[in-house]
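Chemist: got a predicted model here, sequence first, then my questions.
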Amino acid sequence: MDAIILQILNGLDKGSAYALIALGLTLIFGTLGVVNFAHGALFMIGAFCAVTLSRILTLSHTIIDETQKDFLGNPLKVEVPYVHDLFGQATGDAIIDWAVPLSVLFAIPIMILVGVVMERGLIKHFYKRPHADQILVTFGLAIVLQEVIKYFYGANPIPTPAPAAFKGSLDFGAMLGFDPNLIIYPYWRIIYFGFAAVIIGGVFAFLQFTTFGMVVRAGMADRETVGLLGINIDKRFTIMFGIAAAVAGLAGVMYTPINSPNYHMGMDFLVLSFVVVVVGGMGSLPGAVLAGFLLGVLESFASMREVIDIIPGINQIIIYLVAIIILLTRPRGLMGRKGVMED
Amino acid sequence: MSKLDVSRRGLLRTGAVAGAGLALPTIFTAQSAHAFTNEPTGGTVTLGFNVPQTGPYADEGADELRAYELAVEHLNGGGDGGMMNTFSSKALQGNGILGKKVQYVTGDTQTKSDAARASAKSMIEKDGAIMITGGSSSGVAVAVQALCQEAGVIFMAGLTHSNDTTGKDKRANGFRHFFNSYMSGAALAPVLAGAYGTDRKAYHLTADYNWGYTTEEAVKSSTEAMGWDTVAAVKTPLTQTDFSSYIAPVLQSGADTLVLNHYGGNMVNSLTNAVQFGLRDKQVNGKDFQIVVPLYSRLMAKGAGANVKGIFGSTNWHWTLQDEGSKAFVRSFGTKYGFPPSQAAHTTYVQTLLYADAVERAGSFAPCAVAEALEDYEFDGLGNGKTLYRGADHQCFKDVLVVKGKENPTSEFDLLEIVEVTPVDQVTYAPDHPQFSGGALGTCNNGA
């Protein structure tokens, strides 16, 4: 029982990341009809917003410490962050420690701008082209973006830890009456799950309860009629692209303490997120969220030693296996609109 | 006026004779003008540096390339000479190799076997490289080594730690200076037993590919010989990024030690996840929970940040070593590039010097003569104490370092501290040891 609860927790946390990325991906497909293979790169750029802010906060000047030597025997150059000079050491350290949460604010305008520039500058020229062209151009863009990030930040992962206050893990087992240490879960992953729930709820509320959202939903259902009513739907869809980019970016920002960001992290998530979108139903927002959590939980269960012992290799194929079954039995996905992917 | 009578049979016969006649001189030229593949004929000799310039190990590849450039500079008489001054052999004079100026070409392995073979092939066939060296992966090393064997050039492996490189996949034209999985296990086990006791229950997470298997086998057998019990060994996909679902069940298994047979991005992520789960703050079986990383690299430790603190592992070389060879190399590299070299840089620099020295001692670039000069060659002054290039499997035998993540690093390079220098005798094994069984060295190939 404890093992099952533990893997459900794991799945929810994994599913949070899948759902957040897939949400933006399906939003873009639903509004603009574009299959955006550069969406994983937006997740990666978000993560590097956190790295960048962390570097800005640790910008330093050098002082020479004559009492210590460097590896060549010269007096040691000690880096002193400017925030120490500005706010004192204790406050400066606290600001640096909170770099990741602060990056959420830093990343929102950057990601919206990146999304809008990406849509206006490149992707809009491919709206009327076949999906194959869209996939090729966005996949190419993803490769360019990751190479740019690698050029500036290197190929190695860059540690970007959570604030010290959120280090360690919560003993769920003890809270539920199990033995201590049986069901432990890191605080930051719990925060990530909560954060994902807030963002997903926010996007749904925005689309459901605002006039802007209503117009976007109407445009998703019948773009032509909305256009005939004199509404500039293209402009709204561009803004939605920016919002989708911000959602993926924020997912990336908050993911940095879970795994040290590297230039390839977008590609690592991209394929899985596409599977999530297909399983959930192309263009279906609730479908993306449902499929994200469902596949996250299934993947976690498939990673259990007991399961691998019975079906070796299942941990590597479970998500794709589910995708094949869904495509064969219900091509439009769990919550997809009738007719989509069923031609 | 004569009539030209052309029959099909006649045309074929004439064509065959003419073709053979035209081909004959080429065949003889190929056989007679070059005694071996890419025999240098002018005033220069070309070496091929095949390193990951793109992909996940690009930073490690960049450091290898820096070391190669430094080695070439030293071989041609530039710089301060680095380890050439401390090398026990005095055959190298700083006038190139056999009086020929050393030049080089580079290739990008991308840490993919097919890409690495393609770039090595191109360097051999188009650029005339006489020797290929480099790499940051055992899969790449094994693939390129096999290619060099067929092509008739020497392969001086870069960073490759799998037992198989000089075990079942060894080749007569291939040589490895870097240590291997068996040596890591043999060096680590006594230190782990001393630090954590002989009554431990270990849980292995192992990268699902060749290097992972040999490392798991080596560490398991060495620690079990010390009295440890292996509770479970779980394979993790090489593409895995979030290891939470593999780490979460560790405490439920009753294990009190987690061994991460991961390298590169896998290791950075699995260690980060394990520390996040608070494993190191837990007590199991009345003992503090511990994590072990069998193969460390400084570049990797940097990626894992503070998570490496206090965690044991092994490494081939470290820049804080105080022997004269290491100090000379660190001074040379640090002065040129502004930071200390990694173990990947060290092994590639040493491999280049060893190749050049073997050519000088053999008096020939012929691969078989070079191989003979390297086989069972004993040397010193290159950073790991007395070292033997064993002829039976072309593996270097030298001291192995057991290291620990430093608690209070003074810089971004000062991440590991040496806990023990394990003497070479403790990590030496017989050529037919079960962990290295299968395969044969074969015979050296001069190519051409």
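Modeler: Perfect, I can see it now.
Chemist: C-alpha only now, for contacts and for neighbours.
Modeler: OK.
Chemist: low-confidence stretches in the stretch 51-200 of chain A?
Modeler: Applying pLDDT under 70 to the stretch 51-200 of chain A flags no residue at all.
Chemist: how about the residues of the stretch 1-150 of chain B by chain A?
Modeler: Proximity of the stretch 1-150 of chain B to chain A (C-alpha under 8 Å from any C-alpha of the partner chain) is limited to residues B:55-59.
Chemist: need the residues of the stretch 101-250 of chain A near chain B, please.
Modeler: Counting by C-alpha under 8 Å from any C-alpha, the stretch 101-250 of chain A sits next to chain B at A:154-159, A:167-169, A:181-186.
Chemist: what segments of the stretch 51-200 of chain B are strands?
Modeler: Assigned by DSSP state E, counting those that start in this stretch, the strands in the stretch 51-200 of chain B fall at B:101-108, B:131-134, B:154-157, B:174-175.
Chemist: show me what residue of the stretch 301-448 of chain B gets nearest to chain A.
Modeler: Minimum separation of the stretch 301-448 of chain B from chain A (C-alpha to the nearest C-alpha) falls at residue B:303, amounting to 4.9 Å.
Chemist: so which strand or helix has that residue?
Modeler: Under the criterion of DSSP states H and E, residue B:303 resides in helix B:298-304.
Chemist: tell me which other helices or strands that helix touches.
Modeler: When contacts are defined as 3 or more C-alpha pairs under 8 Å, 6 or more residues apart in numbering or on different chains; DSSP states H and E, helix B:298-304 packs onto helix B:265-276.
Chemist: helices - which of the residues of the stretch 1-150 of chain B next to chain A land there?
Modeler: Members of the residues of the stretch 1-150 of chain B next to chain A lying in helices (criterion: DSSP state H): B:58-59.
Chemist: most neighbours out of the residues of the stretch 1-150 of chain B next to chain A, which is it?
Modeler: residue B:57 (24 neighbours; other C-alpha atoms under 10 Å in any protein chain shown).
Chemist: touching, that residue and residue B:266? I think so.
Modeler: No. Judged on C-alpha atoms under 8 Å, residue B:57 makes no contact with residue B:266 at a distance of 11.8 Å.
Chemist: now tabulate the strands of the stretch 51-200 of chain B in CSV and tack on distance to residue B:88 and mean pLDDT.
Modeler: Output for the strands of the stretch 51-200 of chain B, formatted as CSV (distance: least, C-alpha to C-alpha, whole Å; pLDDT from 0 to 100):
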stretch, distance to residue B:88, mean pLDDT
strand B:101-108, 21, 97
strand B:131-134, 22, 97
strand B:154-157, 20, 98
strand B:174-175, 19, 98
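Chemist: want to throw the ones you listed into a markdown table with mean neighbour count?
Modeler: As requested, the strands of the stretch 51-200 of chain B are exported to a markdown table (neighbours: other C-alpha atoms under 10 Å in any protein chain shown):
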| stretch | mean neighbour count |
| --- | --- |
| strand B:101-108 | 20 |
| strand B:131-134 | 30 |
| strand B:154-157 | 29 |
| strand B:174-175 | 30 |
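Chemist: now render these as a markdown table, adding distance to residue B:286.
Modeler: Shown next, in a markdown table, are the strands of the stretch 51-200 of chain B (distance: least, C-alpha to C-alpha, whole Å):
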| stretch | distance to residue B:286 |
| --- | --- |
| strand B:101-108 | 50 |
| strand B:131-134 | 46 |
| strand B:154-157 | 44 |
| strand B:174-175 | 46 |
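Chemist: and those strands: which comes nearest residue B:376?
Modeler: The stretch from the strands of the stretch 51-200 of chain B with the least distance to residue B:376 (C-alpha to C-alpha) is strand B:174-175; that distance is 11.5 Å.
Chemist: show residues contacting that closest one.
Modeler: Strand B:174-175 is contacted by residues B:145, B:148-149, B:154-157, B:166, B:394-395 when judged by C-alpha atoms under 8 Å, 6 or more residues apart in numbering or on different chains.
Chemist: give me the three-state assignment for residue A:282.
Modeler: Per DSSP: H, G, I helix; E, B strand; the rest coil, the local secondary structure of residue A:282 is coil.
Chemist: residue A:336 is in contact with that one, correct?
Modeler: Yes. Residue A:282 is in contact with residue A:336 according to C-alpha under 8 Å; the separation is 5.9 Å.
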